[in-house]
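Participant: below is the sequence, then the predicted model.
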Amino acid sequence: MTPDHVDISALKNHEGQSVTLRGWLYNKRSSKGLHFLVMRDGTGLSQCVVNQGEVDESSWQAAESATQESSIELKGLVRADEKQVGGYEVQVTEMNLIHQAEEYPITPKEHGVDFLMNHRHLWLRSRRQWAILRIRNSVIMSIHNFFQERGFLQMDAPILTGTAVEGTSTLFEMEYFGRSAYLTQSGQLHGEAMAMAFGKIYTFGPTFRAEKSKTRRHLTEFWMIEPEMAFYDLEMTMQLAEEMLSRIVSDALANCQAELEVLDRDLEPLKRSLSDYPRVSYDEAVEILHSEKTRKMVEDKIESLKSEATALTTESAEGKATYGQAKKWQKRKIDVREGEIQRRQSEIEEELRNLPKWLKSAQEFEWGNDFGGSDETLITWHYDRPIIVHRFPHGFKAFYMKRDPEDDRLALGMDVLAPEGYGEIVGGGERADDLGFLQDQVKKHGLPEEAFKWYFDLRRYGSVQHAGYGLGLERTVTWICGIHHLRETIPFARTLDRLYP
RNA sequence: UCCUCGGUAGCUCAGUGGUAGAGCAUUCGGCUGUUAACCGAAAUGUCGUAGGUUCAAAUCCUACCCGGGGAGCCA
């Protein structure tokens, strides 16, 4: 091993120099006397060319026998080449095979989700996962920097708790020295205690929900960031959430260009999400659901999906017509495209089945109900950036929410809904600060008063106006990446029926 | 828990009652600038499991198992 090796991401600083790279073989293309090795080292990809005429026999043999994901070490001359991945190419002068990989299960071809999830420990090495998880890192750093720069202290809430916070969600129960304990579903109540001690804090940790949700927006174990601030009202909290999300987006755009490029992310919606998030009251949101404009939007969407489906059918028929005379590589292209067409068509079919139901549920929406997933989606269609919905009927909100002094039917809650159909990424609001009210609410929600004794103390000793919210890390990363499913945004996803690997 | 789609080679899939298929991966051969490289050849199967219908089942029926998507609930 040489101590002077260079990261692929740093090749730009070594143009014209000889460097040593260490990593794994990502892909190999060969012709007589020549191997094109695409190497990865975690920081990036680089094509390394081994020319039989320019290396010794042992280096040539190493290149000959290296299989996909074999670990390798090589030395070579760095040269700029616009056409190559990463913009640089390495002309190899020496190569050493560290470990010859067995036949690698993940080939440079398509794979199904189940197979990839079963090989998650290896799937992490793929380029798309590289991009997504590096963006996750960027989002995490943005959050820490944002809060630290504003004087927030990072504090940890306990993961093991004795009771449910909101009483609604299902908790993971475990045996705890002869009694029951639960994995936390929110650090908020403890966050409030820490805010009363330190002013402004945020927790950053794992959260567990035993809900039997099998959707692209749910994990049983996910990471939540929960700021909690003394002397904050609802408006200040909405402003804070907007500035935080804006910071996350702006950092990702600045620092993750290559990653977003790999994901083929449309940057325009992100650029629009840098400021001016509309504030939409629950009342206004209900009006939107009932509006003629929403009806028109859904009908237009149905029309455009129908014409897209027709176009795809035509394209598929053309593909089949030319298939007979096509060359082998053309056939393969047609096959790949046909697969895409079929997937898109089944998506369209599902949307066409759903949209009339969505419209019906929106038009019949009754004041006082909580928004369903489809209602949220329809509301966000009216805007081109994240929106903040606020002041909900208290009926479906948590017991600790403060009532709106101007309308007792409402709670001072707020949700941030991400655009492009990504939905709720933040939920929070102003907390009730009156002891009597809170005790009353705990009773009304049928919660065990004993468990909340310490929480009531926060309203006994210097109670102040305060507020906070929870940000779902994986949902946020999913939105920034513009990907379909949040299971790719965490290294090892835990879902309803997946604990492996 | 409910609705819906699926399970065929290591992987992705085609095959709707009559001898089990293609591409990729693997192995071998060819090619000195490839970009999911290409060209040629070889090898690869408990058709999810159990039962049933039939001269004959991957294909039809029943039950079960596993997975995807969605609903409810939520970040």
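Facilitator: Structure received. Please read all numbers here as calculations on a predicted model, not as lab measurements.
Participant: so for the strand or helix carrying A:E299, mean pLDDT?
Facilitator: Assigning secondary structure by DSSP states H and E places A:E299 in helix A:292-323. In this model, helix A:292-323 has an average pLDDT of 80.
Participant: and chain A, what are its domains?
Facilitator: A:8-99, A:123-274+A:450-489, A:294-362 (automatic domain parsing).
Participant: whether the second one contacts RNA strand B - can you check?
Facilitator: Yes - Domain A:123-274+A:450-489 lies in contact with RNA strand B when judged by CB under 7 Å from any atom of the strand; the contacting residues are A:166, A:168-169, A:186, A:209, A:211-220, A:222, A:224, A:470-472, A:474-475, A:485-487. All C-beta atoms are positioned from the backbone trio N, CA, C, and that covers glycine.
Participant: just the terminal-to-terminal distance for that domain.
Facilitator: 12 Å (CA to CA, to the nearest Å).
Participant: pLDDT weak spots in the stretch 301-450 of chain A?
Facilitator: Counting by pLDDT under 70, the ranges of the stretch 301-450 of chain A that qualify are A:317, A:319-336, A:338-339.
Participant: quick one: contacts for the closest residue to A:R150 other than its chain neighbours?
Facilitator: Excluding the flanking residues, the one nearest A:R150 by CB to CB, 6 or more residues apart in numbering is A:K200, at 7.1 Å. Counting by CB atoms under 8 Å, 6 or more residues apart in numbering, A:K200 touches A:F147, A:R150, A:G151, A:F152, A:L153, A:P227, A:E228, A:M229, A:A230.
Participant: repeat for A:E242
Facilitator: With CB under 8 Å, 6+ apart, A:E242 has these contacts: A:S275, A:Y277, A:P386, A:I388, A:V416.
Participant: ok and the residue in the stretch 51-200 of chain A nearest RNA strand B?
Facilitator: RNA strand B sits closest to A:G112 of the stretch 51-200 of chain A, with a gap of 2.6 Å, by CB to the nearest atom of the strand.
Participant: one step back: including secondary structure and neighbour count, could the contacts of A:K200 go into CSV?
Facilitator: Output for the contacts of A:K200, formatted as CSV (DSSP: H, G, I helix; E, B strand; the rest coil; neighbours: other CB atoms under 10 Å):
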residue, secondary structure, neighbour count
A:F147, helix, 21
A:R150, coil, 14
A:G151, coil, 9
A:F152, coil, 20
A:L153, strand, 14
A:P227, strand, 28
A:E228, strand, 32
A:M229, strand, 23
A:A230, strand, 19
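Participant: which of the contacts of A:E242 lies closest to RNA strand B?
Facilitator: Using CB to the nearest atom of the strand, the contacts of A:E242 come closest to RNA strand B at A:V416, 7.4 Å.
Participant: can you count the residues close to the closest one?
Facilitator: 24 (other CB atoms under 10 Å).
Participant: residues contacting the residue nearest to A:L122 when sequence neighbours are not counted?
Facilitator: Distance criterion CB to CB, 6+ apart; nearest residue to A:L122, sequence neighbours excluded, is A:I106 at 5.7 Å. Taking CB under 8 Å, 6+ apart as the contact definition, A:I106 lies against A:L116, A:H119, A:L122, A:W123, A:R125, A:S126.
Participant: rerun at 7 Å
Facilitator: Neighbour list for A:I106: A:H119, A:L122, A:W123, A:S126 [criterion: CB atoms under 7 Å, 6 or more residues apart in numbering].
Participant: do A:P206 as well
Facilitator: Per CB under 7 Å, 6+ apart, neighbours of A:P206: A:I159, A:E221, A:W223.
Participant: let's see that with 8 Å instead.
Facilitator: A:I159, A:T184, A:E221, A:F222, A:W223, A:M224.
Participant: can you classify it by secondary structure?
Facilitator: strand (DSSP: H, G, I helix; E, B strand; the rest coil).
Participant: hang on, the earlier thing: which one of the contacts of A:E242 has the most neighbours?
Facilitator: A:P386 (26 neighbours).
Participant: residues contacting it?
Facilitator: Counting by CB under 8 Å, 6+ apart, A:P386 has contacts A:E242, A:L245, A:S273, A:Y277, A:V416, A:L417, A:A418, A:P419, A:I425.
Participant: 10 Å instead?
Facilitator: A:241-242, A:245-246, A:249, A:269, A:272-273, A:276-278, A:380, A:416-420, A:422, A:425-426, A:479 (CB atoms under 10 Å, 6 or more residues apart in numbering).
Participant: ok, A:T184 touching A:M174?
Facilitator: No - A:T184 lies out of contact with A:M174 (CB atoms under 10 Å); the separation is 11.7 Å.
Participant: which neighbours do those two share?
Facilitator: With CB under 10 Å, 6+ apart as the test, A:T184 and A:M174 both reach A:L160.
Participant: what's the neighbour count on the residue in the stretch 201-350 of chain A that RNA strand B sits nearest to?
Facilitator: Proximity of the stretch 201-350 of chain A to RNA strand B (CB to the nearest atom of the strand) peaks at A:S213, 3.1 Å away. A count of neighbours around A:S213, defined by other CB under 10 Å, yields 13.
Participant: thinking again about what came up before, drop anything exposed from the residues of domain A:123-274+A:450-489 next to RNA strand B.
Facilitator: Neighbour-count burial (16 or more other CB atoms under 10 Å) applied to those gives A:166, A:186, A:209, A:211, A:217-220, A:222, A:224, A:470-472, A:474-475, A:486-487.
Participant: closest residue of the stretch 301-450 of chain A to RNA strand B?
Facilitator: For the stretch 301-450 of chain A, CB to the nearest atom of the strand, closest residue to RNA strand B: A:G372, 3.1 Å.
Participant: circling back to that earlier point, more neighbours, A:T184 and A:M174?
Facilitator: A:T184 (25 against 10).
Participant: wait, doesn't A:H394 sit right on A:D408?
Facilitator: Yes - A:H394 is in contact with A:D408 according to CB under 10 Å; the separation is 8.3 Å.
Participant: so for those two, which sits in the more crowded spot?
Facilitator: A:H394 (20 against 9).
Participant: could you tell me the average pLDDT over the strand or helix carrying A:Y469, please?
Facilitator: In the assignment (DSSP H and E), A:Y469 maps to strand A:466-472. Averaged over strand A:466-472, pLDDT sits at 96.
Participant: and the following helix or strand past it, how far from the chain's centre?
Facilitator: Of the helices and strands lying after strand A:466-472 in sequence (DSSP H and E), the nearest is helix A:473-481. Distance, stretch centre to chain centre, for helix A:473-481: 2 Å (CA atoms, centre = their mean, to the nearest Å).
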